[in-house]
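J.: sequence and predicted structure are below.
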Amino acid sequence: MSRISLVLLLSSLCVTTVHAQSTKPGLWEINQKMGGGVEMDQAKAQMQKQMAGMSPAEKKMMQDMLGKQGMTMPTPGAGGGMAMKVCITPEMAAKQDMPVQSEGECTTTITSRSASTLKMNFVCKNPPSTGEGTYTFSGDTAYTMKMLMKTTQQGKPVSTTLDGQGKWLSANCGAVKPLK
């Protein structure tokens, strides 16, 4: 997996956190675990190995890039997942939005919304992909998420699942800046 693939994979982790039902402003931790068969497991292992093997300069460059997006460097989580911290501003919370990574040129459509569940579809241009997801909220301080993404890699269709959780940590975002 190339460094570009690593950045795209990290970016895809952020694309999936959108349109919250009701969220409390402040610092959130988002944990996500990707699945999709043997190839995906190998790619995740390779990505984690590359992240662990980055030089201090490469880590700083990645931290700076993510910092400009309002995130911290993802760290390996339990069970092979990834964890990251994001800042939700009061304005984002009032609009019931969670951070969205815009590099993928994605369009999200909410297909249904209830008091505790939100279902959505998305289409991204770069890289070309589609998907659908369900968020289940536990008040304004936690949620779980399940998502299915479909794309094509090297001419072959690829399906990826994403299971995630978000939890509110504090009202103060500290050094984590809000996404632009």
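T.: Noted; the coordinates are in hand.
J.: what segments of this protein are helices?
T.: 3-15, 38-52, 56-68, 90-94 (DSSP state H).
J.: quick check: T151 vs P128, distance?
T.: From T151 across to P128, the span is 6 Å (C-beta to C-beta, to the nearest Å). (C-beta placed from N, C-alpha, C; glycine too.)
J.: neighbour count winner among those two?
T.: T151 (16 against 12; other C-beta atoms under 10 Å).
J.: would you agree the more buried one is in contact with S129?
T.: Yes: when contacts are counted by C-beta atoms under 8 Å, T151 is listed as touching S129 (3.8 Å).
J.: spit out the residues that contact those two alike.
T.: Any residue near both T151 and S129 by C-beta atoms under 8 Å, 6 or more residues apart in numbering counts here, and not one turns up.
J.: could you tell me the least trusted of the helices of the chain?
T.: Among these, helix 3-15 has the lowest mean pLDDT, at a mean of 41.
J.: K177: neighbour count?
T.: K177, neighbours per other C-beta under 10 Å, totals 16.
J.: longest strand in this protein, by residue count?
T.: As assigned by DSSP state E, the longest strand anywhere in the chain is strand 156-170.
J.: residues contacting that strand, please?
T.: Strand 156-170 is contacted from outside by 13, 16-17, 23-24, 26-36, 39-40, 81, 85, 98, 133, 140-152, using C-beta under 8 Å, 6+ apart.
J.: low pLDDT regions in this protein?
T.: Counting by pLDDT under 70, the chain contains low-confidence ranges at 1-22, 37-45, 48, 66-80, 96-104, 179-180.
J.: what about the nearest residue in space to G36 that is not next to it in sequence, neighbour count?
T.: Leaving aside its chain neighbours, G36 sits nearest to T160 (4.1 Å; criterion: C-beta to C-beta, 6 or more residues apart in numbering). Number of residues near T160 (other C-beta under 10 Å) recorded here: 20.
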